[in-house]
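Q: Would you be able to build a 3D model of this:
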Amino acid sequence: MKNKGPNSERLNRYLSLAANVSRRVADEMVRNGRVTVGGVPVLDPGTLWDPSTQEVRLDGRTLVPVREEKIYIMLYKPDNVVTTMKDREGRKTAPSLIGELSSRVFPVGRLDFHTTGLLLLTNDGEFAYRLTHPRFGVEKTYIAKLQSVPRPAELNVLRRGVAIEGKMTTPAQVNFIEKKGDKAWVLMRIAEGRYHQVRKMFEAIGHRVTKLRRVAIGPLELSGVEPGEWRYLTSKEVREMNAYMDRRAVEVAGQKPLSDVPRHPKRFETPADRAKRKVIKQSINEAARKKGIEKEKAAIAAKAAERKGPRQPKPAWKRGAKPPGKKPPPPKPRGPFKKR
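A: Numbering: from 1, shown residues only. From the prediction side, this is the model:
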């Protein structure tokens, strides 16, 4: 049974929401013959059906659709916690700190096992996609405790970008916070999400990170919670995050916000929409081309600096001193010279 109408919906997804079970359990219910659509037993969990014309029953009981409430959670992730839903090694997971909710939530992005700080969990797939996809360039802010004190010149290297595993990072915003003895605290803001990126960037300039804490994602700062605690985001915080991601999409790729882009442009677009999509595509390509040129120039400059090495001071004789190995000329006689 494949109903491909405009209001069609996958059976397992609807069953998961209406019966308040996981997608896997919903699949098993369908395969075990417990579900009927329009009075006909269905065994394929991916069956498409039309809620406006058909009725779904589970064990003979009519299911009433439940509108899924969007949940947004801020968690202060403590040390020694993984950010996966389950862990084969039996380690504590971030979702286990939340407990049972009306809807299942999942972590957005990841934090390393020993990295603490701000972690978002949600059941909103579009929100999670926008937070993690590179096209939106969402900035994450960290405070790193270093085993040694970096010099200003070394921090400038991070601001220009460093090579990690043969690939240059984008320029980072770096601010020196304080120094205590031989330790230092540095704030770093990056718009990428590579594996262990912050730690590897500091290692590239010769400094090891002993502690790392994420304190902000975009405009959202870690506040109101202690390690291991969580709270719901306010509606204002969610609106600010969505507005921020729209702005970042424009800044990073030179494109229009997603709300201005037709979801199915080729199917429903008007001539005006078609022209609009063409302009957006051209701006994206132009922004990507300029970004590639800038990266190429930065890589060439970095290689040239490596080949040239550190700048050597000029020899003394080039700064106005007498050339080495040459005797000064004899002084000229003053006035008439007479023999005795």
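
Q: what's residue 179 in contact with, if anything?
A: Taking Cβ atoms under 8 Å, 6 or more residues apart in numbering, we find residue 179 in contact with 149, 185. Using the backbone N, CA and C atoms, a C-beta is placed for each residue, glycine as well.

Q: To which secondary structure element type does it belong?
A: Following DSSP: H, G, I helix; E, B strand; the rest coil, the label given to residue 179 is strand.

Q: Residue 205 is in contact with residue 162, correct?
A: Yes: judged on Cβ atoms under 8 Å, residue 162 makes contact with residue 205 at a distance of 7.0 Å.

Q: the more surrounded of the two?
A: Neighbours per residue (other Cβ atoms under 10 Å) separate residue 162 from residue 205, with residue 162 holding more: 19 against 16.

Q: Just want to check the distance between the more buried one and residue 95.
A: 34 Å (Cβ to Cβ, to the nearest Å).

Q: do the same with residue 121
A: 7 Å.

Q: show me the contacts for the residue nearest to residue 73 when sequence neighbours are not counted.
A: Excluding the flanking residues, the one nearest residue 73 by Cβ to Cβ, 6 or more residues apart in numbering is residue 121, at 4.4 Å. Shown in contact with residue 121 (Cβ under 8 Å, 6+ apart): 71, 72, 73, 75, 94, 95, 98, 105, 106, 107, 108, 230.

Q: For residue 165, the count of nearby residues, please.
A: Around residue 165 there are 7 other residues, counting by other Cβ under 10 Å.

Q: Any stretches of the protein with poor pLDDT?
A: Applying pLDDT under 70 to the chain picks out residues 1-8, 20, 52, 64-68, 253-277, 279-281, 309-328, 333-340.

Q: Once you drop chain neighbours, what's closest to residue 54?
A: Spatial nearest neighbour of residue 54, excluding adjacent residues (Cβ to Cβ, 6+ apart): residue 38 at 4.4 Å.

Q: buried residues in stretch 187-195?
A: Residues 188, 190, 191, 192 are the ones in stretch 187-195 that count as buried (16 or more other Cβ atoms under 10 Å).

Q: tell me the SS of residue 14?
A: Strictly by three-state DSSP, residue 14 counts as helix.

Q: contacting residues for it?
A: 49, 51, 56, 63, 65.

Q: quick one, phi/psi of the first one?
A: Right, the one you point to is residue 49. Backbone geometry at residue 49, expressed as degrees, to the nearest 10, gives phi -140, psi 160.

Q: Please enumerate the helices of the protein.
A: Along the chain, the stretches classed as helices by DSSP state H are 11-18, 23-31, 125-132, 152-160, 197-204, 235-253, 265-268, 271-308.

Q: quick revisit: residue 284: which of the contacts of residue 121 is nearest?
A: Residue 284 lies nearest to residue 108 out of those, by Cβ to Cβ, at 24.5 Å.

Q: wait, the closest one sits on residue 128?
A: Yes: with contact defined as Cβ under 8 Å, residue 108 and residue 128 form a contacting pair (4.6 Å).

Q: Need the residues touching each of residue 121 and residue 95.
A: The contact sets of residue 121 and residue 95 overlap at 105, 106, 107 (Cβ under 8 Å, 6+ apart).

Q: Skipping adjacent residues, who's closest to the first one in space?
A: Closest residue in space to residue 105, ignoring its immediate chain neighbours: residue 121 at 4.4 Å, by Cβ to Cβ, 6+ apart.

Q: Please report how far the one you found lies from residue 83.
A: Distance, residue 121 to residue 83, using Cβ to Cβ: 9 Å.

Q: what residues are shared contacts of the two?
A: Both residue 121 and residue 83 are contacted by 94, 107, under the criterion Cβ under 8 Å, 6+ apart.

Q: show me the contacts for residue 35.
A: 11, 15, 29, 41, 42, 56, 57, 58.
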